[in-house]
Structures are given as structure tokens and as C-alpha cells.
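S.K.: Provide a 3D model corresponding to the input given below.
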Amino acid sequence: MGPLGIALLYAAVGAAWILLSDRALTLLFPADELARGQTLKGLLYVAVTAALLYLVTRRSMAAVRRSERLYRQMFETTTVALLLDPADIRIEDANAAACAFYGWPREELVGKSLTELNTLPRPEIEAAIQRALAGQRGHFVFQHRVRDGSIRDVEVFSSVVDVAGRRRLYSVIYDRTEARRLEEQLRQAQKMEALGQLTGGIAHDLNNVLSVVLGNAELVGQELPPGRTDLRSDLGELTTAARRGAAMIRKLLTFSRAAPLELVTLDLGATVAESGATLRRFLPAAIEVTISVPREPVRVRADRGSVEQILMNLVTNSRDAMPAGGHLQIEVRRRVAAGEDEDEDGGATSGSLIVRDDGAGMDEGTRSRIFEPFFTTKPPPVGTGLGMTMIHGLVRQQGGIIDVTSAPGRGTTVTISLPLASDTAPGAPADGESRELPRGTETIMVVEDEAPLRRAAARLLERLGYTVVTASDGEEALTVFRAQDCHIDLVLSDIVMPRMGGRALLEALRREGRPVRFLFTSGYGGEELGEHADPDAPALIRKPWSLSELALKLREVLDA
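M.R.: Below is the predicted model:
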């Protein structure tokens, strides 16, 4: 029963008492004792109303205490919660979760101004509180400062409550710092994915262009008279520039994780030495660079582009660790399994690339996390937290191991060990080794949608003695196959083409009962090849290819 009901009931009972009690007195008491009866009636009335007041008050107080217990239970057991006095924007109460989150005990947290926690200026905080009081808005996104000085991203849900007749703001706070960090990582990953897709498309087009340049350069070189050393020198520079462009494309594809590794036999020392000039231009003058490579070749099985990128990333990290300058040492050596230098009798099992700096160094906690994706000690946007993760992945893909030692104030040493190449490694001639180009008399179909590249490939193959048939895509190749009387020994086909690509062409020929050898070629990276390459295809040659590379791969497939 509400207050109005209680009041009406009390009035009715009081009126009935007055009307009925007076009549009852005349019946119960004689006239000379009527005054004593009135006194007794008044005392009885006081006793009855007191009892009623006691019962009502007791019930009301029990309801109040029950409400207070429920509020306190809800307040203490919920997530981070604060009770604010909107008049002076001070904290009037805080639960245990709030004390744990902000780092202050209750007696210190209660009484603090909200301006000590919220990073917004006081006018903006007051404006937000007024919107909450007016019921215009109950959800806010803020940044709050905790006791250790760090900033946390929070979501605040506020509502108006009445406490002892006073309006207060009840705020429930959720920590969203980790969620914000994960969202940022997702955005970074999406950017990297988009970059990889863009890089793959650009690489395909550039590799086609560079294949035309390299192929025609070799054709021109074959027509030059022996005495034209000046023109041969110019042509050599053109070829070198084209190969440098191809190497740059491989680096871009490796960065975007779109290029599978091509393990070849390479001299680790020569590769590092060739990168020395680029590294010195990349580093500030305050950093002294020392590059030490052995006289004897250190031949390892590795991907050249990956090795160059690993070296560049490590040097970048060392540069950032020495903002005021310092000494950077880059060393290549042969090592035995135990990690000691090779003795006089040999026994080396790996080639090691060692990058050592005398920069700030890292403590053990930081060092143990350097391979975690998105972990970085550099402020954004300088650090993305992907450099060491990429290095770790590239080293593992090449069958190597990586070791990092560091200490605060003592610099950092990164040692990367790659497996040595065997002398009989198939398909991997040593650096500088040359072969006489093999020739043939078979019939080869060239399927390529880029007309300049198709013409260059046909001319190169004809120079080697082959009979060449061309087609601009898979559909035209099928038409040629159906109309061709002569036997075609091999199809040199691009994988990705309009209308019909290389794999679709291979499957169509198999369905028609036309078994033929295939040599796929592509300028795309690994992801695209994974979607289109046939698992039973005998070989793949990546663009841009040279005449010697194409000639060797053709004989490898035809003689298999």
C-alpha cells in the first residue's frame, strides 16, 4: 500500500473511532463517570495510532534497508562502477573493481575530481555529465588515466539515480584497451593484405615488361658483331638494370608474403658485400659500419631476396637503436653445429650472418617477445611489430635458425644460420658458373596474352632450333591444337590469362585425351600460383626469365 492509501485508511479509521466511540461511552459509563471514559478513550486512541505508526515505520525502514542492500550488492559485484556527485564532478563512492582498475584504495579514490581520471578538459567533462543528467546520452567513450600514469580506453554507461533524495550519476565502466589494440592489429593486417594484393598485380605487369626487356636484349646481343664492345657494354648495363628491377619486385613480393621462396646456391658473403654500398647510404653518418666476409665462398641454400630483406630489416633495427650514432658490425662466417668457428679440417654445417650493434639493447622481457606479431617498442607509425616476425618466418622457411642476444646498454647481436649448400645440389649452379645453352628440335606452343613477350619468347626458342606455335590465350591454344596436324611436344603457358588460363588449358587438353608436357610461367606471387598452378605440372619458370634460364628449364622438362 502506498502513502496515499495509508493516509486514507488512517482518516477513515480515525473518523469511525470518533463517531462510534462517543456513542459507546454513553452506553458504557454513567453521566458522572463520562469524563473518566473520555480519558480512557483518548489513551486507547494514542495506543492504537502508535501501534499503527510503529508497524508502518517498521515496514518502511525494512524496505529501505532491503533497497540499500540490493543497491550495495549490485554496486559491489558489478564491473568497475563509480558514483559521482554531478555538482562538483567528484567521486562519491567506488566499488572494489574500480579501486583495482584505477590502482588507488577506496579512501583515496573517493573524493577525487573526475578531471584527475578523464583526459578531456573540464568543460567537455561537465558537458558530458549534463547530457547524462538530461537523459540525452548514456554511453560515452573516454580515455582514463590510472595511478601508474598509463592511459586506458574505456566505455562508460551512465544513469541518474536518487540517493537519499539527492541526484547522483551512477557510471559503469568497461576497459576496452585490449579490444582497441586488437582492432588496430586487424586494421594493420588488412592494410598489409591490401598491400600484398596491390603488389602482386603490379609485380605481374612489371615482370612481363622485364621479360620482354631481357629476352630482346639477349636477341640483340647475339646479333652484335664481336668488335662492338661499346654496344655490348651498354647492353650489359641494360640487362643488369632489368635484373635489378626483377630483384626489387621479388623484395616487394617477399614483404607482402606473396612470393614463395626460391632456394638457390648463393655465396652468403658475396651477397652481403654487394649490399654494403646500399646499407651505407641508408645509415646516417654517425653510425660506423664494418662488414667482414671470408675470402672463401660461404655457399648456402637460400633465397637471395629474402637474405637481402633480412639484412635490411636487421640494419634498420640497429639504426633505430642507435639514434645518437654507434658501431654496426656485419659479419659472415662458416660455423659448425656447436656454434664454434670452422677448424682446419672443415666440418662447417652452416653459414652465419651476424649483425651486431652497440645500441640501447633490450631486457629479457622485451627480448622474449620480439618475434610476436605486432609487438614493437617503437612508437606508431614508426613501428608496426612485423619486422622481426617476418625475419623469423623467412629464416624458418629456409631451414635456418635465428638467435638474439641483448642486454640493456650493451647492444644487440642477431645471428642467423642457414644450411650450407651441397656440391651436388640439383638445379642450382654456383654463382658465376656458366653453361652452354642446350638446343632442341621439338615443337613448342607458346601461350601468352602479352604480345611483345609472346613474340620475344618465340624468337628466342627459334634461335635455339625449336619449331614454335603461338596463341594469345587458352581458348586460342585449344583451337590451334584441334586444327594442328603436327605433334606438339611442350606447351609454354602463362598461368593467369583472360578468357582461359594455363591450368584451365591443361585440364581441357586432358579431357580431350591430348597428353602433352607443360611448362608454366608466371609473374605473380605465391598466393596466385597456389590458386592456379596444377599440382601435377612438371615445372614452373618465374618471370622475368632470361634465354639461358628458359633454355635450361625447357630441356629439363623435355628430357624428364
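S.K.: any idea how this protein splits into domains?
M.R.: What automatic domain parsing lists as the domains of the chain is 3-76, 81-175, 264-427, 443-558.
S.K.: which parts of the stretch 351-500 of the chain are strands?
M.R.: 401-406, 412-419, 443-447, 467-471, 490-494 (DSSP state E, counting those that start in this stretch).
S.K.: could you point out which of the ones you listed sits nearest residue 393?
M.R.: Nearest of the strands of the stretch 351-500 of the chain to residue 393, taken as Cβ to Cβ: strand 401-406 at 10.2 Å. In short, each C-beta sits where N, CA and C put it, glycine included.
S.K.: show me what the closest one is packed against.
M.R.: helix 387-397, strand 412-419 (3 or more Cβ pairs under 8 Å, 6 or more residues apart in numbering; DSSP states H and E).
S.K.: hang on, the earlier thing: would you turn the domains of the chain into TSV with mean neighbour count and mean pLDDT?
M.R.: TSV is the format used below for the domains of the chain (neighbours: other Cβ atoms under 10 Å; pLDDT from 0 to 100):
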stretch	mean neighbour count	mean pLDDT
domain 3-76	11	72
domain 81-175	15	90
domain 264-427	17	80
domain 443-558	18	82
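S.K.: circling back to that earlier point, ok, which of the strands of the stretch 351-500 of the chain comes nearest residue 319?
M.R.: Judging the strands of the stretch 351-500 of the chain by Cβ to Cβ, what sits closest to residue 319 is strand 412-419, at 11.9 Å.
S.K.: direction included, what does that closest one pair up with?
M.R.: Here strand 412-419 has these sheet partners by DSSP bridges: strand 350-357 (antiparallel), strand 401-406 (antiparallel).
S.K.: nearest to residue 330, of the ones you listed?
M.R.: Nearest of the strands paired with strand 412-419 (Cβ to Cβ): strand 350-357, 5.6 Å.
S.K.: what does that closest one rub up against?
M.R.: 268, 272, 298-300, 307, 310-311, 314-315, 318, 321-322, 326-335, 337, 400, 411-420 (Cβ atoms under 8 Å, 6 or more residues apart in numbering).
S.K.: go with 7 Å
M.R.: Residues outside strand 350-357 that contact it (Cβ atoms under 7 Å, 6 or more residues apart in numbering) are 268, 272, 298, 300, 311, 314-315, 318, 321-322, 326, 328-335, 411-420.
S.K.: same check on stretch 402-421?
M.R.: With Cβ under 7 Å, 6+ apart, stretch 402-421 has contacts from 265, 268, 299-302, 310, 314, 321, 335, 348-359, 361-363, 367, 370, 391-392, 395, 398-401, 428.
S.K.: which strands and helices lie in contact with the strand or helix carrying residue 98?
M.R.: Residue 98 is part of helix 96-102 when elements are defined by DSSP states H and E. When contacts are defined as 3 or more Cβ pairs under 7 Å, 6 or more residues apart in numbering; DSSP states H and E, helix 96-102 sits against strand 81-85, helix 106-109.
S.K.: for the shortest one, packing partners?
M.R.: Read that as helix 106-109. Where contact means 3+ Cβ pairs under 7 Å, 6+ apart, helix 106-109 is packed against strand 90-94, helix 96-102.
S.K.: of all these, which lies closest to residue 160?
M.R.: The closest of the helices and strands packed on helix 106-109 to residue 160 is strand 90-94. By Cβ to Cβ, the value is 13.6 Å.
S.K.: quick one: distance of that closest one to the chain centre.
M.R.: Offset of strand 90-94 from its chain centre (Cα atoms, centre = their mean, to the nearest Å): 40 Å.
S.K.: give the bridge partners for the closest residue to residue 350 other than its chain neighbours, please.
M.R.: Distances taken as Cβ to Cβ, 6 or more residues apart in numbering put residue 417 closest to residue 350, at 4.2 Å, once the chain neighbours are dropped. Judged by DSSP bridges, the bridge partners of residue 417 are residue 352, residue 401.
S.K.: for residue 298, see how far away residue 417 is.
M.R.: 11 Å (Cβ to Cβ, to the nearest Å).
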